[in-house]
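> Below: sequence and its predicted model.
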Amino acid sequence: MENQKLEALLSLALSVSEAERQKSGQLFVGFSEETRKWELIVKYNGDIGRLQSDVIGVEELIAGYAIVTIPEELIDTFTQLDEVEYVEKPKRLYFSTLRGKQVSCIFPVTARNPYLTGRGVLVAVIDSGIDYTSPEFSDRDGNTRIRFLWDQTLTPEQVNELLPQTEDSSEWAGMAAPPKGFLTGVEFSSERINAALRSRVPDQIVPSRDTSGHGTAVAAIAAAGGRLLEGQYQGVAPESQILVVKMGTPAPDSFPKTTELMRALTYVVKKAVELGMPLAVNLSFGNTYGSHDGTSLVERFVDNVSEIGRTVICVGSGNEGAAAGHVSGSFGMLDEPGEDKRIELSVGRYQKTFSVQIWKEYVDFFMLRLVSPGGTEAVVDIRIPGGKSYVLENTQVLIYVGEPSPYSVNQEIYFDFLPRSSYVDFGIWTIFLQPLETVTGNYDLYLPSNSVLNAETRFFTPTPDKTLTIPSTASKVITVGAYNAAFESYADFSGRGYPVQSVAGMRILQGEVKPDLVAPGVDIETIGPGGTFVRVSGTSFATPFVTGSAALMMEWGERVSIRLS
């Protein structure tokens with residue numbers, strides 16, 4: 001008769017030979033060849049601690065659970081005890097980051113020759129901060145691997161006010177300051193972070209927190225190295241040194257700005273040059289504003305930064321692929337007025353405000369009509385540049401017709417929808433484009449990022465192509481999309497690049513080949529603040545796989561360079 005107190009998998013493991021267990025990926029888990037004992041999960045009642053001895057080990061947990069280490073030959077007798085209700089064997093945990101490393105072919109260079117770990121390379125995480133107290137970001141001696149942490153949201157006054165409260169932090173009194181050459185935030189050195197780690201009140205020495213957990217999760221994928229799981233570190237580059245910039249402003253509920261990004265990139269590149277180390281930068285964010293052709297100042301700036309020192313910048317392609325926030329089309333070459341293009345936009349209830357960008361080539365002339373859900377209409381002649389204001393029902397629409405910039409021939413028509421009371425009129429807004437005279441006739445419309453819109457605010461007939469977020473559109477960065485490792489398919493949310501058109505039998509690419517590559521970005525399990533494990537999806541979490549991999553390649557390049565010199 002089968003022992004009903006044993007789970008089926010454990011019963012099977014006990015009924016087969018040891019050789020058969022070893023062939024199995026599951027049956028052997030929980031058995032120690034060294035001690036010849038099983039580690040078992042036990043649900044019990046009463047006093048199970050009385051069984052503790054030199055032969056049987058008992059670790060009581062909570063709520064009637066224990067972990068019992070016991071020789072195999074005693075398991076049957078053990079389960080006959082009245083205190084024992086049920087017994088299971090351990091199962092292997094397959095962290096998605098580990099699976100991500102596997103499908104990304106990282107194991108072959110980390111688990112065997114050349115045994116790459118990112119040593120001697122800087123990994124910069126420009127994000128929402130980091131949980132610096134996590135052991136994942138310390139070395140084997142317990143010292144932090146974070147060389148510098150710049151928190152742009154803090155002020156020196158805030159930091160200095162905390163220090164007199166404890167003797168542990170007296171040596172740091174009055175020393176809080178921005179990095180050299182910058183006016184905002186507070187820079188923390190590795191020495192100060194180590195002092196915080198040794199302190200009873202670390203938050204009073206380094207009061208920087210990752211409140212959202214986004215930056216910690218990203219950094220863990222790229223560079224966590226505090227614990228081993230199945231002989232492998234959690235992160236891709238576990239022995240790399242880390243630079244962290246927490247972007248933002250002291251204002252509550254504020255989003256980081258591109259200016260803060262530019263400061264952060266300047267900072268990390270200067271640090272890398274100062275330290276004489278190669279640098280892999282992770283940018284897991286972006287926005288939808290711009291012509292998406294790499295010509296904005298931010299995109300160009302990022303390209304310039306990538307040329308300084310030994311720097312690689314990895315940028316997520318964004319999560320706008322399935323957000324229905326982009327529409328594109330073309331009239332082709334028309335010498336006389338052609339048929340209108342009708343673009344319908346659903347605006348959800350309680351939408352406080354939003355914008356629409358229309359991008360076209362300056363040499364193309366359109367007439368534009370905007371119709372509100374109730375039928376109120378505004379007509380815009382985009383041949384006349386400048387600002388205009390219309391009131392359609394209970395919504396004010398600010399329209400600005402731009403002109404080409406010094407770096408781009410594209411023209412923008414920008415719509416800003418503002419409620420006259422609390423919310424923009426919900427329903428179907430319609431944009432009509434009537435071509436008057438066109439050379440290419442191409443146009444693109446963009447909504448803001450889906451993260452700031454109601455779920456119902458979207459285009460009815462969206463175009464998933466050209467949905468990369470900026471600055472992933474910069475030409476000299478590695479643009480990273482996301483794929484689902486379980487199904488080996490491109491993630492629907494992942495931003496897409498430019499389509500390839502066939503003209504007279506020839507394939508013509510409309511823009512940069514982007515994304516450059518893809519990495520696992522669906523159901524990734526990584527580390528959040530406080531040592532918790534979180535499951536996340538998005539190109540934000542595909543990007544650090546590539547950032548960490550870049551660090552490994554840089555380490556390999558450094559080794560080769562040393563051998564050749």
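Alright, I've got the coordinates.
> what about the helices in the stretch 1-150 of the chain?
In the stretch 1-150 of the chain, the helices defined using DSSP state H, counting those that start in this stretch lie at 8-15, 18-23, 75-79, 96-103, 107-110.
> ah, wrong one, I meant the chain
Along the chain, counting by DSSP state H, helices occupy 8-15, 18-23, 75-79, 96-103, 107-110, 156-162, 190-198, 202-205, 214-223, 258-275, 297-305, 539-564.
> thinking again about what came up before, mean pLDDT lowest for which of the helices of the stretch 1-150 of the chain?
Mean pLDDT is lowest for helix 96-103 out of these, coming in at a mean of 48.
> looking at the helices of the chain, which is buried most?
helix 214-223 (a mean of 30; mean count of other Cβ atoms under 10 Å). From N, CA and C alone the C-beta is placed, and that goes for glycine too.
> by contact count, what packs against that helix?
Packing partners of helix 214-223 (3 or more Cβ pairs under 8 Å, 6 or more residues apart in numbering; DSSP states H and E): helix 96-103, strand 122-127, strand 241-246, strand 279-283, strand 524-527, helix 539-564.
> chain center to the fourth one, what's the gap?
Between the centre of strand 279-283 and the centre of its chain there are 12 Å (Cα atoms, centre = their mean, to the nearest Å).
> which outside residues touch that strand?
Outside strand 279-283, the residues that touch it by Cβ atoms under 8 Å, 6 or more residues apart in numbering are 121-127, 218-219, 222, 237, 240, 243, 261, 265, 268-269, 272, 309-316, 471-472, 477, 543-544, 547-548, 550-551, 554.
> same check, this time on the fifth one
Under the contact criterion Cβ under 8 Å, 6+ apart, strand 524-527 has outside partners 95-97, 100, 134, 136, 216-218, 220-221, 224, 234, 533-537, 541-542.
> what does the third one give?
Contacts of strand 241-246 from elsewhere in the structure, counted by Cβ under 8 Å, 6+ apart, are 121-130, 132, 137, 145-153, 185, 208, 210, 215, 219, 223, 264, 267-268, 271-272, 277, 279.
> Buried subset of those, written for PyMOL?
Here is the PyMOL selection string for the buried members of the contacts of strand 241-246, based on 16 or more other Cβ atoms under 10 Å:
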select buried, resi 121+122+123+124+125+126+127+128+129+130+132+137+145+146+147+148+149+150+151+152+153+185+208+210+215+219+223+264+267+268+271+272+277+279
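> Can you report how many residues lie near the closest residue to Val513 other than its chain neighbours?
Distances taken as Cβ to Cβ, 6 or more residues apart in numbering place Gly497 nearest to Val513, at 6.5 Å, with adjacent residues excluded. For Gly497, the neighbour count with other Cβ atoms under 10 Å is 23.
> Check Ser330 too.
Neighbours of Ser330 (other Cβ under 10 Å): 15.
> can you tell me how far it sits from Pro435?
From Ser330 across to Pro435, the span is 10 Å (Cβ to Cβ, to the nearest Å).
> any common contacting residues for those two?
Joint contacts of Ser330 and Pro435 (Cβ under 8 Å, 6+ apart) are Gly441.
> what residues are up against the residue nearest to Gly235 when sequence neighbours are not counted?
Using Cβ to Cβ, 6+ apart and skipping residues adjacent in sequence, the residue nearest Gly235 is Ala224, 3.5 Å away. Going by Cβ under 8 Å, 6+ apart, Ala224 touches 134, 136-137, 233-235, 238, 526-527.
> Turn these into a markdown table, columns for distance to Thr69.
Putting the contacts of Ala224 into a markdown table (distance: Cβ to Cβ, whole Å) gives the following:
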| residue | distance to Thr69 |
| --- | --- |
| Ser134 | 29 |
| Glu136 | 27 |
| Phe137 | 32 |
| Tyr233 | 26 |
| Gln234 | 26 |
| Gly235 | 30 |
| Pro238 | 29 |
| Thr526 | 30 |
| Ile527 | 28 |
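> top of those by neighbour count?
For these, neighbours tallied by other Cβ under 10 Å; top is Gly235, 30 neighbours.
> from memory that residue sits against Ala217, does it?
No - checked against Cβ atoms under 8 Å, the pair Gly235 and Ala217 is beyond contact range at 11.2 Å.
> Using PDB, write out the CA atom coordinates for stretch 552-565.
Coordinates of the C-alpha atoms in stretch 552-565 are reproduced here as PDB (Å, rounded to 0.1, in the frame of the first residue of the first chain):
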ATOM      1  CA  LEU A 552      31.300  40.300 -20.200                       C
ATOM      2  CA  MET A 553      32.400  41.100 -23.700                       C
ATOM      3  CA  MET A 554      34.400  44.100 -22.500                       C
ATOM      4  CA  GLU A 555      36.100  42.000 -19.800                       C
ATOM      5  CA  TRP A 556      37.000  39.500 -22.500                       C
ATOM      6  CA  GLY A 557      38.400  42.300 -24.700                       C
ATOM      7  CA  GLU A 558      40.400  43.600 -21.800                       C
ATOM      8  CA  ARG A 559      42.000  40.200 -21.300                       C
ATOM      9  CA  VAL A 560      42.800  39.800 -25.000                       C
ATOM     10  CA  SER A 561      44.300  43.300 -25.000                       C
ATOM     11  CA  ILE A 562      46.500  42.500 -22.000                       C
ATOM     12  CA  ARG A 563      47.800  39.300 -23.600                       C
ATOM     13  CA  LEU A 564      48.600  41.100 -26.900                       C
ATOM     14  CA  SER A 565      50.400  44.000 -25.200                       C
END
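> residues in contact with the residue most central in space within the chain?
Centroid-nearest residue in the chain, with Cα atoms, centre = their mean: Ser540, separated by 1.8 Å. The contact partners of Ser540, by Cβ under 8 Å, 6+ apart, come to 214, 218, 284-285, 316, 319, 521.
> Let me have those in TSV, extended by pLDDT and distance to Asp381.
Formatted as TSV, the contacts of Ser540 follow (pLDDT from 0 to 100; distance: Cβ to Cβ, whole Å):
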residue	pLDDT	distance to Asp381
His214	89	44
Val218	94	46
Ser284	90	41
Phe285	86	37
Gly316	94	39
Asn319	91	36
Gly521	90	44
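> Generate a PyMOL selection restricted to the buried entries among those.
Applied in PyMOL, the following selects the buried portion of the contacts of Ser540 according to 16+ other Cβ under 10 Å:
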select buried, resi 214+218+284+285+316+319+521
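> How about Ile413: what's its closest non-neighbour residue?
Closest residue to Ile413 apart from its sequence neighbours, by Cβ to Cβ, 6+ apart: Ile358 at 4.2 Å.
> Would you check that that neighbour makes contact with Glu412?
Yes - between Ile358 and Glu412 a contact is recorded at 6.9 Å, counting by Cβ under 8 Å.
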